[in-house]
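Colleague: With the input below, show me the fold.
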Amino acid sequence: MESNKQVNSNADELTKDKELEEIKANIKVELSSDYYEAFITIECDFHEIKINREDIMEALNKKNVVYGLKVEVIDDIIQNPREVERLSIAEGDRHENGIDGKIEYHFDVDKKTKPKLLEDGTVDHKELDYILKADEGQILAEKILPIDSKDGKTVTDRVIKGRPGKYFEFKSGKNVAVSDDGKYLCAAKSGVIEFENNRISLIEVLEINDNVGVSTGNITFEGKVVVRGNVETGYTINSKDEVEIFGVVEGAEVIAKNIIVHKGIHNSARITCEENLVCKFMESCYAKVKGDIICDAIIHCDIKCFGKIMASGKKGLILGGNLSVRKEIIAKTIGSQIGSPTRIVLGIDEDLLREIKETKKLIEETKVDLKKINQAIDLVQGKKSKDPKREGFLSKYLEARNKYDETIKNLERKIKNLYSHFESLKNSKISSGQIYAGTAIRINNTHYIVKNPLVNVKLSEQDGEIVISPLV
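Modeller: Numbers count the residues shown, from 1 in each chain. Okay, here's the model as predicted:
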């Protein structure tokens, strides 16, 4: 009997020891970096594991995990005790950032006024559809509202605010109107869409279905001008926008931002263009263009171009005349076999040098005037008089000083840009398939007269010499 009691006693002690070992299971709770999820890891060195709810809740409470508990996971661990590694035991509600609103445009915002160059370098003069028209009432843009954000809550019961979506408003210019519901921007009149810095305006177009001449007189118009016929000798078109002429310009004057002539310009016509000129041919005319010229044939013309001349169409011809071009000339043929004099000045020209000189002079004169104003201010401030006129003079002088300071800043910015442009023109060049003898070329201050025909060449200036290299 005593032996049996001893055995039972030993068995009871082993059972108690085993139970003590069973509760030594290591329960660890970890949180995700964003606190939206909690993971439980259970480790034990014994085959049998006993886990109760209190142990799990104690481990969770130590990490302040109180929200989004997965009760079914906890119940499963208690009912089927086992080792687990990073098992998701709680999950919060993730916040959702709002989606930004936007303005959707119902037209091609990337449409350019420059013509499209084909792969072979030529220009399609028959397809010059550069007008982006809109009819009255047409939808130009649509306002897409932002999508609201959603707040979140972590497993530690902390509320996380979602970032609200941004709201965008129309940038409206002339002749457009917002719909009654505020959702659409519409054309208030028929015209041409102007899109600058995300601002939409509608420019009314003056269309002339006949020649500009006796029946019309001179044309002065703020917006775009379209002439279906010719511009006759002695008449003028003046526009601050684009002028498109489907016929010819003969002995007339056209002044505009961009000029497109489907046919040609000739007979002592005069062209003044703030940006780019595109035409089929130019003959015996004058042109001053601050952008680029794209033309198939230029014959006996007097031209000043601040950008490039590209004569790379079917003929690609430059023959005779005087051409002053700042950046580059590209042509198939320059000059002719009959020796008609063709004179080209490339790179730095007299106009640029004169502008630099005049700007420097203006800076010096403005600084002298500013010095006089400062002296006057010192004089007035030095007086202790209580004359009420004193304050008036001082206010006037201080206002004048601010204007002079601003003028000097603008002029100094301008002279900096002019010098930068000056330096860039040192890389000016001519590229041509053929340059005939007799062509006189000056690149910057270096002169060169072609004595023998040049074929497939590029001409540039380096260290005071004209460098002729093969055209790649």
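Colleague: can we go C-alpha only for contacts and neighbour counts from here?
Modeller: Fine.
Colleague: Next up, the contacts around the spatially most central residue of the chain.
Modeller: Nearest to the geometric centre of the chain sits N197, at 8.5 Å (Cα atoms, centre = their mean). Residues counted as contacts of N197 (Cα atoms under 8 Å, 6 or more residues apart in numbering): none.
Colleague: Repeat that for G264.
Modeller: G264 is in contact with G247, V248, V249, C279, K280, F281, M282, E283, counting by Cα under 8 Å, 6+ apart.
Colleague: What degree of burial does the third one show, as a neighbour count?
Modeller: As a burial measure, V249 scores 30 neighbours (other Cα atoms under 10 Å).
Colleague: same deal with the fifth one?
Modeller: For K280, the count of nearby residues is 22 (other Cα under 10 Å).
Colleague: who touches the helix or strand where it lies?
Modeller: In the assignment (DSSP states H and E), K280 maps to strand 277-283. By Cα under 8 Å, 6+ apart, the residues outside strand 277-283 that reach it are 115, 125, 258-267, 289, 291-301.
Colleague: ok now the following helix or strand past it, how far from the chain's centre?
Modeller: Helices and strands here follow DSSP H and E; after strand 277-283, the next one along the chain is strand 286-289. Strand 286-289 sits 29 Å away from the centroid of its parent chain (Cα atoms, centre = their mean, to the nearest Å).
Colleague: Kindly report the same for stretch 433-448.
Modeller: Its chain's C-alpha centre and that of stretch 433-448 lie 37 Å apart, by Cα atoms, centre = their mean.
Colleague: Alpha carbons of that stretch, as PDB, please.
Modeller: Extracted in PDB, the C-alpha atoms of stretch 433-448 (Å, rounded to 0.1, in the frame of the first residue of the first chain):
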ATOM      1  CA  GLY A 433      23.400  69.800-100.000                       C
ATOM      2  CA  GLN A 434      25.100  72.200-102.500                       C
ATOM      3  CA  ILE A 435      26.600  75.700-102.200                       C
ATOM      4  CA  TYR A 436      27.500  77.300-105.500                       C
ATOM      5  CA  ALA A 437      30.600  79.500-106.100                       C
ATOM      6  CA  GLY A 438      30.200  83.200-105.500                       C
ATOM      7  CA  THR A 439      28.100  82.800-102.400                       C
ATOM      8  CA  ALA A 440      29.400  85.200 -99.700                       C
ATOM      9  CA  ILE A 441      29.200  84.000 -96.100                       C
ATOM     10  CA  ARG A 442      29.900  85.700 -92.900                       C
ATOM     11  CA  ILE A 443      29.700  83.700 -89.700                       C
ATOM     12  CA  ASN A 444      30.000  86.000 -86.700                       C
ATOM     13  CA  ASN A 445      33.000  88.200 -87.700                       C
ATOM     14  CA  THR A 446      34.600  85.700 -90.100                       C
ATOM     15  CA  HIS A 447      34.100  86.100 -93.900                       C
ATOM     16  CA  TYR A 448      34.200  83.400 -96.500                       C
END
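Colleague: Looking only at residue counts, what's the top strand in this protein?
Modeller: Longest strand of the chain, by residue count under DSSP state E: strand 293-305.
Colleague: Give me the contacts around the helix or strand following that strand.
Modeller: For strand 293-305, the following helix or strand on the C-terminal side (DSSP H and E) is strand 308-311. Here strand 308-311 makes contact (Cα under 8 Å, 6+ apart) with 291-298, 316-318, 325-332.
Colleague: now do 7 Å
Modeller: With Cα atoms under 7 Å, 6 or more residues apart in numbering as the test, strand 308-311 has contacts from 292-297, 317, 325, 327-332.
Colleague: Relative to it, what are the paired strands and their orientations?
Modeller: Partner strands for strand 308-311, per DSSP bridges, with pairing direction: strand 293-305 (parallel), strand 328-334 (parallel).
Colleague: Contacts for the helix or strand just after that strand, please.
Modeller: Scanning forward in sequence from strand 308-311 by DSSP H and E, the next helix or strand is strand 317-325. Applying Cα under 7 Å, 6+ apart, the contact partners of strand 317-325 are 296-308, 311, 331-336, 340-347.
Colleague: Can you verify my assumption that R86 contacts F39?
Modeller: Yes: the criterion here is Cα atoms under 7 Å, and R86 meets it with F39 at 4.8 Å.
Colleague: ok, the two, which is more surrounded?
Modeller: Neighbours were counted for R86 and for F39 using other Cα under 10 Å; F39 has more, 18 against 14.
Colleague: Quick check: beta-bridge partners of that one?
Modeller: For F39, the beta-bridge partners under DSSP bridges are E30, S88.
Colleague: residues near V66, how many?
Modeller: 15.
Colleague: Surely it is in contact with T156?
Modeller: Yes: look at V66 against T156 with Cα under 7 Å: they come within range, at 5.7 Å.
Colleague: By neighbours, which of the contacts of strand 308-311 wins?
Modeller: Within the contacts of strand 308-311, V325 tops the neighbour count with 29 neighbours, counted by other Cα under 10 Å.
Colleague: Just list whatever residues bridge to the closest residue to H95 other than its chain neighbours.
Modeller: Distances taken as Cα to Cα, 6 or more residues apart in numbering place G152 nearest to H95, at 3.8 Å, with adjacent residues excluded. Beta-bridge pairing of G152 under DSSP bridges involves I160.
Colleague: Could you do V176 as well?
Modeller: Bridge pairing for V176 (DSSP bridges) gives the partners A187.
Colleague: dump the residue contacts of it.
Modeller: Taking Cα under 7 Å, 6+ apart, we find V176 in contact with L185, C186, A187, A188, S201, L202.
Colleague: give me that answer again for 6 Å
Modeller: Applying Cα atoms under 6 Å, 6 or more residues apart in numbering to V176 gives the contacts C186, A187, A188.
Colleague: For E355, see how far away it is.
Modeller: From V176 over to E355 the distance is 40 Å, taken as Cα to Cα, to the nearest Å.
Colleague: Quickly note the distance from the residue nearest to S428 when sequence neighbours are not counted to E37.
Modeller: Counting by Cα to Cα, 6+ apart, K327 is the residue found nearest to S428 once chain neighbours are left out, at 4.9 Å. The gap separating K327 from E37 is 64 Å, by Cα to Cα.
Colleague: hey, where'd the helices end up in the chain?
Modeller: Ranges of helices in the chain, per DSSP state H, are 2-22, 53-62, 71-79, 350-382, 388-424.
Colleague: CSV for the ones you listed, including mean neighbour count?
Modeller: Shown next, in CSV, are those (neighbours: other Cα atoms under 10 Å):
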stretch, mean neighbour count
helix 2-22, 12
helix 53-62, 14
helix 71-79, 14
helix 350-382, 14
helix 388-424, 14
